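Chemist: Quick check, what structure comes out for this input:
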Amino acid sequence: MLPRPGVTETLARFVADTGWDDIPDPAKHEAKRALLNFFAVALAGCRTEPVELALASLAEFSGGKQATIVGRAERIDALSAAFLNAAGANVFDYCDTHLPTVVHPTAPLAPALLAMAELRPVTGPQLLTAFILGFEIECRVGAAVSPGHYPQGWHITSTCGVFGAAPGAGKLLGLSTQQHVWALGNASTQSAGLCECLGWPAKSVSVGNAARNGLFSALLAAKGFSGPAEPIAGAQGFLAAMGEPPDWAALLDGLGESWQVANNSIKPYPSGFVIHPLLDCALDWRRAHPGVAVERVVVRGNPLLKQRTDRAVVATGREAQVSLQHAVAAALVLGKAGLDQFTDACVNDPTVAALRQKFEVASDPAISTIAAEMDIWTVGGAKHSVSTQAARGSAANPQKDSEIEDKLRIEAESWHPGYDVQRLIDAVWSLDKSGDVSTLAALTVPG
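Modeler: Numbering: from 1, shown residues only. As a prediction, this is how the structure comes out:
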């Protein structure tokens, strides 16, 4: 790939120069929605085994009590808090999704910013501005390497998440354009994450590192820790190393005019988003046909559906989150698609396990990632055809604000019965009026 000087500087200057008043109100509202959802999924994941094990490991080496771990009374150093909160938010694959890239943008971004907000004074508008700008760079870098990046085996949330956390944290630090270039250089050399780890606790390492390393990259740059002039588009920079012809238009066109946060989707189900249109179809069909036994299922979707989630054989709830066969089978058998349907117990349910083996999966490039078609054969030979063009939660069929609030209430209640998260909900919706967000994450910790 021929180098393109000035790409990183253009992105860095955009982050350094863009202020609160430059951002349209719809983008600010979408940022609040994403943060509400972040707290929901982080609460759901804050006491899972990967978080427990990581906390036990990191606590041995952390002498600081600087920052909040979402949903927990323990405090830890800011870098480790960013790691743990990102890992917890993504562990159930329940976090938001930027549809053009399938990046989960908020999981690696918000934890870095929340940790920063406990290190130095940050207002609500500053937090939202940093979030929106970090989201923008993260998703534009992701778009530049899509669609080939993910099928090659790179976990795009991890590889590109660091490009959100670094400029986001850098914005809160007040970095200059030159320092933002350095922060992006520090971030680019720490970008990593493999799809082979999906379905295992190891996935959480790279997601946590995206948040931690992004924050660390900005802190280093603030101290003058320098890097190359073109870490993203250099001859041996990030884009060249990925081995895909970059989509330059997706990276730079419309910068400051169109906002990537507008393409965000909030998940109603804790599974890979490409499975969601199938779950919509399965749950709607089951509600209309209670008690009818299913004999065979044929699904058709975007090629990404088959590439990432065609897994008829799964052994754990973690693996089930990226198995279309399990997700749809559980929905058809149980009529639900919540966290309980992606557990080891549900994987071992004999009826669900038997139905997982009765699927046929086909790809059609003409079908978008938010659409799907499904044929269901019931006992006796009857065929039922169902489809959707826009999965619930997608930008084309978004969840209501009240539905995101309910998701947060449900996850908080399931984690700590009787815990009232209304103060947290109110605080997020009123961020644009807040003069200090240092206690925002602490509102997730019951007194």
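
Chemist: helix/strand/coil for L251?
Modeler: Reduced to three states with DSSP: H, G, I helix; E, B strand; the rest coil, the structure at L251 is helix.

Chemist: Hmm, it is touching G142, no?
Modeler: No: with contact taken as CB atoms under 8 Å, L251 and G142 are classed as non-touching, separated by 9.5 Å. All C-beta atoms are positioned from the backbone trio N, CA, C, and that covers glycine.

Chemist: Please identify which of the two sits among more neighbours.
Modeler: Neighbours of L251 and G142, each counted by other CB atoms under 10 Å, are more numerous for G142; the result is 27 against 22.

Chemist: which residues touch that one?
Modeler: 98, 100-101, 103, 149, 156, 160, 163 (CB atoms under 8 Å, 6 or more residues apart in numbering).

Chemist: Would you list the phi and psi of it?
Modeler: In terms of degrees, to the nearest 10, the main-chain angles of G142 are phi -60, psi -40.

Chemist: Per-residue confidence, it, what does it come out as?
Modeler: pLDDT, G142: 97.

Chemist: distance of it from V314?
Modeler: 27 Å (CB to CB, to the nearest Å).

Chemist: swap in G393?
Modeler: The gap separating G393 from V314 is 23 Å, by CB to CB.

Chemist: re the thing from before, and which of the contacts of G142 is nearest I137?
Modeler: F163 (5.4 Å; CB to CB).

Chemist: give me the number of residues near the closest one?
Modeler: Applying the criterion other CB under 10 Å, we find 31 residues in the vicinity of F163.

Chemist: Backbone dihedrals for the nearest residue to it once chain neighbours are set aside, both of them.
Modeler: Take F163 and drop its neighbours on the chain: the residue closest to it by CB to CB, 6 or more residues apart in numbering is V141, 4.5 Å away. Summarising the backbone geometry of V141 under the convention degrees, to the nearest 10, its torsions are phi -60, psi -40.

Chemist: ok now do V141, which residues does it touch?
Modeler: Counting by CB under 8 Å, 6+ apart, V141 has contacts 160, 163, 232, 238, 251.

Chemist: can you tell me which residues contact the last one?
Modeler: In this case it means L251. When contacts are counted by CB under 8 Å, 6+ apart, L251 is found next to 7, 140-141, 143-144.

Chemist: correct me, but H276 touches R392?
Modeler: Yes: counting by CB under 8 Å, R392 is a contact partner of H276 at 6.9 Å.

Chemist: got any residues that touch both of these two?
Modeler: Taking CB under 8 Å, 6+ apart as the contact criterion, the residues that touch both H276 and R392 are P268.

Chemist: of the two, who's got more company?
Modeler: Set H276 next to R392 and count neighbours by other CB under 10 Å: H276 wins out with 26 against 21.

Chemist: Apart from its neighbours in sequence, what residue is nearest R13?
Modeler: Closest residue to R13 in three dimensions, ignoring its sequence neighbours and counting by CB to CB, 6+ apart: T177, at 4.6 Å.

Chemist: distance of that neighbour from W248?
Modeler: Going from T177 to W248 by CB to CB gives 20 Å.

Chemist: likewise G168?
Modeler: Spatial separation of G168 from W248 under the definition CB to CB is 23 Å.

Chemist: what's the answer for G6, then?
Modeler: Applying CB to CB to G6 and W248 gives a distance of 12 Å.

Chemist: Report the contact partners of the residue most central in space within the chain.
Modeler: Closest residue to the average C-alpha location of the chain: H104 at 2.2 Å, with CA atoms, centre = their mean. By CB under 8 Å, 6+ apart, H104 lies in contact with 90, 93, 95-98, 157, 161, 207.

Chemist: Ok, A282 next?
Modeler: Here A282 is in contact with 328, 331-332, 337, 374 (criterion: CB under 8 Å, 6+ apart).

Chemist: host element of it?
Modeler: helix 276-288 (DSSP states H and E).

Chemist: and that helix, what's its mean pLDDT?
Modeler: With pLDDT averaged residue by residue, helix 276-288 scores 97.

Chemist: what's the answer for stretch 245-263, then?
Modeler: Mean per-residue pLDDT for stretch 245-263: 95.

Chemist: And stretch 358-377, by the same measure?
Modeler: Stretch 358-377 comes out with an average pLDDT of 96.

Chemist: And the residue of the chain positioned farthest from its centre, how far from E295?
Modeler: Checked against the mean C-alpha position of the chain, the extreme residue using CA atoms, centre = their mean is G380, at a distance of 41.8 Å. Counting by CB to CB, the gap between G380 and E295 amounts to 8 Å.
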